[in-house]
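here's my sequence, what's the structure:
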Amino acid sequence: MATGAEKAYVVLEMISHQSVITVQRHLRTKFSKDPPTANSIPRWYAQFKASGCLCKGKSTGRPAVSEETVERVRASFTRSPRKSTNKANRELNVPQPTVWKILRKRLKQKPYRLQLLQALTPDDKVKRFEFSARLQQLVEEDAFSAKLVFSDEATFFLSGEVNRHNVRIWPVENPHAFVQQIRNSPKVNVFCAISRFKVYGPFFFCEKNVTAHVYLNMLENWLTPQLETDSADFIFQQDGAPPHFHHDVRHFLNRRLENRWIGRGGDHDQQFMSRPPRSPDLTPCDFFLWGYVKDSVFKPPLPRNVPELRARINDAFELIDGDMLRRVWEELDYRLDVCRITKGAHIEHL
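Numbers count the residues shown, from 1 in each chain. Got it, this is the predicted structure:
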């Protein structure tokens, strides 16, 4: 491809000599390269005479997409917003890349992935509304907010987690990369409790499975003594997992924390209030803690053994400071407010 300097030289030589062959000979000598074709030289000269410029004209490119086509695409996705661009291509006889560009550039729409949420019954929504309304009213008082202690367990697999849908590799050729899935990967079960000022944990269960008696042993000998050392007046929250609902666990809570625990209980339990089922979006451990810790733990390269996995978990917990806890409590208040306003609807998308 000729440069601008070469084209300018061609024009000047054509003005002087009016001979394509002479211009080709001179250009070969000056630039030490093969000259342009006999068709290009007179074309450049004629272009310069006509426009006074040797710039390349703007290409006509592909024909513009008509407003009619844009409206057809808009109407099609308004009727069926979950339709694929390939299906729209077949229905509208519009190329799939064109459908995609219309949606993204002309209509300013984006493809959002569906979220899997736990199904809520009408009764669940009533309980979530009542819980959020009452707890939000109480949390607005600093004295009560300081009493709350949320808790939860999580399982960390040594193999980590890889989301194939979000992982992409962009080489020139297909590298045929793969991820080996390890069945029955070694794991650790971790417990943690979190207040507005402090994180209790992590506590690593030695047992492979967390049964009611394993959980009760941790409550009696590890968590409760720490909580009672820090404050004589706290309110403990747990979710409705089967080990937590065991008679022996509830008997301990009724006896040791009478009217000072939140969770799933029976008619005769001495709870402060009942926790609504299927509501991880209202618990700081679920909407903040475990996601934060797992993002820190499973950064490549993945841990090679269980001791290294435990060390990474400990390191992640060490990074949680008072400012983070303050923002988590602000987020809790916001979520309670949204749940109250929406009458107990899902807010896990927040």
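
which stretches of the stretch 51-200 of the chain have low pLDDT?
Scanning the stretch 51-200 of the chain for pLDDT under 70 picks out 57-62, 114-116, 161-183.

how about the helices of it, start to end?
Secondary structure of the stretch 51-200 of the chain, counting by DSSP state H, counting those that start in this stretch: helices at 67-79, 85-92, 96-101, 122-139, 142-145.

flag every buried residue along the strand or helix carrying Val11.
In this assignment (DSSP states H and E), Val11 forms part of helix 4-17. Neighbour counts over helix 4-17 (16 or more other C-beta atoms under 10 Å) mark 6-7, 9-11, 13-14 as buried. Placement of C-beta: from N, CA and C, glycine included.

mean neighbour count and distance to Arg255 for the helices of the stretch 51-200 of the chain - can I get that in CSV?
Putting the helices of the stretch 51-200 of the chain into CSV (neighbours: other C-beta atoms under 10 Å; distance: least, C-beta to C-beta, whole Å) gives the following:
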stretch, mean neighbour count, distance to Arg255
helix 67-79, 14, 60
helix 85-92, 15, 61
helix 96-101, 16, 63
helix 122-139, 17, 24
helix 142-145, 12, 23
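
on that earlier part again, so what does the helix holding Val11 touch, helix or strand wise?
Other elements packing on helix 4-17 under the criterion 3 or more C-beta pairs under 8 Å, 6 or more residues apart in numbering; DSSP states H and E are helix 20-31, helix 40-51.

and these: which comes nearest Ser274?
Ser274 lies closest to helix 40-51 among these, at 82.0 Å (C-beta to C-beta).

contacts for the closest one, please.
Applying C-beta atoms under 8 Å, 6 or more residues apart in numbering, the set of residues contacting helix 40-51 from outside is 2, 7, 10-11, 14, 20, 23-24, 35-36, 53-54.

repeat that with 6 Å
Residues outside helix 40-51 that contact it (C-beta atoms under 6 Å, 6 or more residues apart in numbering) are 7, 10-11, 14, 20, 23, 54.

tell me which of those residues is nearest to Glu308?
Closest to Glu308, out of all of the contacts of helix 40-51 and judged by C-beta to C-beta, is Lys7, at 64.4 Å.

can you pull the contacts of that closest one?
Taking C-beta under 6 Å, 6+ apart, we find Lys7 in contact with 44, 54.

state the distance from it to Ile320.
65 Å (C-beta to C-beta, to the nearest Å).

cool, and Leu27?
Leu27 sits 71 Å away from Ile320, taking C-beta to C-beta as the criterion.

and Glu130, by the same measure?
As defined by C-beta to C-beta, Glu130 lies at a distance of 31 Å from Ile320.

and the biggest strand by length in the chain, which strands flank it?
If you go by DSSP state E, the chain has its longest strand at strand 148-157. In the sheet, strand 148-157 lines up against strand 187-194 (antiparallel), strand 235-237 (parallel) (DSSP bridges).
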